[in-house]
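Trainee: What shape does this take:
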Amino acid sequence: MAISIFGTKANNTDIVVKDTATGDVDLSSGDVTTTGTVTGNLFSGSGASLTALQSAQLTGALPAVDGSALTSLTSANLSGALPAIDGSALTGISSIGTIVKVAADEITATASGSGAFSDTGLSVTITPASTSNKILLFTTGSIGTDRNTLAARFVQGSTATGIGDPNGSRLRVSFKIRGPHDNNHSALFSGSCILSPSTTSTLTYKVQFQAESNGTWYLNRNWSFNNSSDASHAVSSSYLYAIELDSSNTTIST
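Mentor: Predicted coordinates:
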């Protein structure tokens, strides 16, 4: 093996050995100090002392990492945008949130219905990530009726859900809406429920209304609906949200 031997720049007390055949340099326990750039194809060893490593330089899949012992990690210590990283092998990291995903529907046009329960047009689909997760349904908007009450229910597929217990011949609904006191006004509605669908299949949820005495209801408007700039005849929008909740952070008491 051919070698070159160099002394230190100070007192020539340390020896630096270079293998001229392979190009390897043995510094023993010495340090390399430079104000220039160190360039190479491969670096190995501990990266514990690396600082100012930009997130944009990180690519590829993360190895299996146990994050259970991480403590006192605050957002102030995190900066920059992360690149695309595959974290599927991460272990020991517990859930840090409750909301898994949200699906929503908005209706800004007017709609109507009459007779038995009928669709309002509000409909969302959501695919749970886990069979143990919960689904929070929430709907809100405005409704016009002929001064009467509305029964409202959520439907999963074609089956009413989030409804009251059987009680004689009474309708089983998710919530009720007291209609306005006259036909020039509308009423605000809102309703919610938390479900345990126990599936990872795609689910479709809808909102249905039935007016008192099987009368007519009007979504996003009042009953009379005059072409007037008065606030009572304004048109509005209605919404339906399906929110998947992490079961480990969600408790339903019955």
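Trainee: And for Ile243, the neighbour number?
Mentor: Applying other Cβ atoms under 10 Å, we find 20 residues neighbouring Ile243. Where you see a C-beta, it was placed from the backbone N, CA and C, and this is true even at glycine.
Trainee: One more: the one 10 residues further on?
Mentor: Using other Cβ under 10 Å, the number of residues around Ser253 comes to 3.
Trainee: host element of it?
Mentor: Assigned by DSSP states H and E, Ser253 belongs to no helix or strand.
Trainee: the bottom helix or strand of this structure by mean pLDDT?
Mentor: The helix or strand of the chain with the poorest confidence is strand 3-7; it has a mean of 53 (mean pLDDT, DSSP states H and E).
Trainee: Over to the closest residue to Leu171 other than its chain neighbours. Which of the three states is it?
Mentor: Spatial nearest neighbour of Leu171, chain neighbours left out: Ala151 (5.2 Å); criterion: Cβ to Cβ, 6 or more residues apart in numbering. Assigned by DSSP: H, G, I helix; E, B strand; the rest coil, the conformation of Ala151 is strand.
Trainee: Which residues does Ala151 form beta bridges with?
Mentor: Lys176, Gln210 (DSSP bridges).
Trainee: Let me see the contact set for the closest residue to Leu136 other than its chain neighbours.
Mentor: The shortest distance from Leu136 to any residue other than its chain neighbours is 4.2 Å, reached at Ile243 (Cβ to Cβ, 6+ apart). Going by Cβ atoms under 8 Å, 6 or more residues apart in numbering, Ile243 touches 99, 101-103, 135-138.
Trainee: Recalculate using a threshold of 10 Å.
Mentor: Residues in contact with Ile243 (Cβ atoms under 10 Å, 6 or more residues apart in numbering) are 98-104, 124, 126, 134-138, 192, 194.
Trainee: In strands only, show me the residues you listed.
Mentor: Using DSSP state E to define strands, the subset of those located there is 99-104, 124, 126, 134-138, 192, 194.
Trainee: Just the buried ones from the residues you listed?
Mentor: When the ones in strands among the contacts of Ile243 are checked for burial by 16 or more other Cβ atoms under 10 Å, the buried set is 100, 103, 124, 126, 134-138.
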